[in-house]
Structures are given as structure tokens and as C-alpha cells.
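Peer 1: predicted model and sequence below, questions to follow.
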Amino acid sequence: MRSHVHAIWLAETGVSLGSRMTDVLDTAILDELGEELSLEVHPHLSAQLADPAARRRAAERAHAVLAELPGVDKPDSWWTEHWVDDTLQAAASQFDSACDRWRGLYRAALTEQREQNRRVLDNSTEPDARKLAQRRRMDAENQLRLLKNEDDEEQFSDFYSYRYFASEGKRETSPPQRRGSARTADIGTIGRRTSTAARSAAPSWAGRCPA
């Protein structure tokens with residue numbers, strides 16, 4: 001139910017999540033002093049997500065939708081009169097938190113790329129070690145391209161922005177899966193495409209992908 005309220009709220013904000021996570025998060029390096037990437041939500045999106053008018057419109061729509069559902073007004077139900085407002089009040093923060101898995105994967109891949117590049121350029125690196133570093137640098141760069149969805153703007157990519165947020169919504173409500181499952185796989189093992197059925201899955205955190 002929370003995912004549907006989030007979808008209503010996101011629609012009311014009018015935000016566009018683009019086709020890749022870099023349309024949502026700022027990946028620019030802050031300065032030449034080696035500071036970490038900010039990876040914050042772009043300011044123009046943050047402003048839209050924080051819009052109180054959007055929350056009010058979303059609350060009206062959500063209450064109208066929930067009023068049509070049986071049982072939500074029962075004393076022993078999960079429902080309370082403040083549930084919608086509380087959910088919407090926390091929505092922007094939860095949206096930001098939903099980006100954390102991508103942030104971690106991106107930082108890890110970037111750190112690996114930088115470290116392997118350092119080894120490649122180090123004159124003291126042995127030839128075999130340099131070849132290994134070159135391969136690992138290439139792997140890290142491939143991971144960065146995958147995370148940034150640079151090679152494929154289609155909706156089937158695992159890191160197409162709307163699909164990423166939908167998967168994060170499902171992740172919040174699903175039990176942990178055993179090691180080696182697709183959900184917990186290392187970024188290097190993530191497939192480039194998913195099935196047609198996955199594209200038409202029910203809306204989760206950010207709702208359906210746009211047509």
C-alpha cells in the first residue's frame with residue numbers, strides 16, 4: 001500500500017526520473033582535492049520532491065483511493081487517520097534512501113577503477129600485475145557504464161531509473177534472499193536485460209515505467 005501512495009506522490013510532484021540514475025543523482029566530482037562524490041539528488045529534483053503542495057495533492061488523492069478499499073477504517077486494521085500524512089511526510093527521505101544501494105555500487109566501482117588505474121600507471125608494477133590491473137580496470141569501467149545505463153536507455157536495463165526504484169520498493173517488502181540470488185548478486189553478475197514480464201510488473205516505489 002505504501003508503494004501506491006508513493007507512486008501517487010511522485011506523480012503529483014511532476015518529477016521526471018529520466019532514463020538513468022545520473023539523471024537523478026549528481027555524480028560530478030566536487031573538486032580536484034580528492035573529495036568524495038556528492039551523489040546527492042539533483043537540486044531541481046529535491047525542490048520538487050520537497051514541495052508541500054504536491055504532498056497535499058497526493059494526500060487528497062490517496063485518501064480518495066483508500067476510502068474505496070474495504071476494512072481500512074476498522075479499529076484493528078493497520079490503518080490510522082494519520083497514516084497517509086505520515087507516509088507522505090517521509091516520502092522524500094525514503095526516496096533518497098532508495099538511492100543508497102546505487103550509490104554504494106557506484107562508489108565501489110569508481111574506487112576500483114581508480115586503484116587499478118594507479119597500478120597500471122605505477123612504473124614499479126610488474127608486467128603480469130599490470131596486465132591484471134588493466135583487466136580489473138576494464139571490469140570496473142564496464143560496471144560504471146552499466147550503473148550509468150550508458151549503453152542502453154531502454155526500460156529493460158536493471159539501472160533504468162524507473163525500474164531501479166521499482167526494484168527498491170520490492171526489496172523493502174521482500175524477505176532476504178539466499179546468497180547468489182539475482183537480488184543480492186554482485187554488480188558484475190547483473191544481467192543487461194530482463195524479461196518482458198518484468199517490464200509490466202505492478203508499480204512499486206516509483207510506479208510504472210513511462211510508456
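Peer 2: Sure, I can see it.

Peer 1: is it true that residue 18 touches residue 164?
Peer 2: No. Residue 18 is not in contact with residue 164 according to Cβ atoms under 8 Å; the separation is 11.2 Å. Using the backbone N, CA and C atoms, a C-beta is placed for each residue, glycine as well.

Peer 1: these two: who's more crowded?
Peer 2: Neighbours were counted for residue 18 and for residue 164 using other Cβ atoms under 10 Å; residue 164 has more, 24 against 16.

Peer 1: so where's the protein shaky on pLDDT?
Peer 2: Low-confidence regions of the chain, defined here as pLDDT under 70, cover residues 29-36, 71-79, 152-156, 170-211.

Peer 1: common neighbours of residue 18 and residue 164, please.
Peer 2: Common neighbours of residue 18 and residue 164, counting by Cβ atoms under 8 Å, 6 or more residues apart in numbering, are absent.

Peer 1: which residues of the protein fall in helices?
Peer 2: Under the criterion DSSP state H, helices of the chain are mapped to 2-13, 43-49, 52-67, 83-89, 91-98, 100-121, 127-147, 161-173, 196-199.

Peer 1: list the buried residues in the third one.
Peer 2: Same thing as helix 52-67. The neighbour-count check on helix 52-67 (16 or more other Cβ atoms under 10 Å) flags 54, 55, 57, 58, 59, 61, 62, 66 as buried.

Peer 1: do you know which of the helices of the chain lies nearest residue 25?
Peer 2: For residue 25, the closest of those is helix 100-121, at 7.2 Å, according to Cβ to Cβ.

Peer 1: quick one, that closest one and helix 91-98 angle?
Peer 2: 30 degrees (axes from the mean of the first three to the mean of the last three Cα atoms, to 10 degrees).

Peer 1: put the alpha carbons of helix 100-121 into PDB.
Peer 2: This file holds the C-alpha atoms of helix 100-121, laid out as PDB (Å, rounded to 0.1, in the frame of the first residue of the first chain):
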ATOM      1  CA  ASP A 100      21.800   4.300  -1.400                       C
ATOM      2  CA  ARG A 101      22.300   0.900  -3.000                       C
ATOM      3  CA  TRP A 102      23.200   2.500  -6.300                       C
ATOM      4  CA  ARG A 103      25.400   5.000  -4.500                       C
ATOM      5  CA  GLY A 104      27.300   2.100  -2.800                       C
ATOM      6  CA  LEU A 105      27.700   0.200  -6.100                       C
ATOM      7  CA  TYR A 106      28.900   3.300  -7.900                       C
ATOM      8  CA  ARG A 107      31.400   4.300  -5.300                       C
ATOM      9  CA  ALA A 108      32.800   0.800  -5.100                       C
ATOM     10  CA  ALA A 109      33.200   0.600  -8.900                       C
ATOM     11  CA  LEU A 110      34.800   4.000  -9.100                       C
ATOM     12  CA  THR A 111      37.200   3.200  -6.200                       C
ATOM     13  CA  GLU A 112      38.200   0.000  -8.000                       C
ATOM     14  CA  GLN A 113      38.700   1.800 -11.300                       C
ATOM     15  CA  ARG A 114      40.900   4.400  -9.700                       C
ATOM     16  CA  GLU A 115      43.000   1.900  -7.800                       C
ATOM     17  CA  GLN A 116      43.600  -0.300 -10.800                       C
ATOM     18  CA  ASN A 117      44.500   2.700 -12.900                       C
ATOM     19  CA  ARG A 118      47.000   3.700 -10.300                       C
ATOM     20  CA  ARG A 119      48.600   0.300 -10.500                       C
ATOM     21  CA  VAL A 120      48.700   0.400 -14.300                       C
ATOM     22  CA  LEU A 121      50.500   3.800 -14.300                       C
END
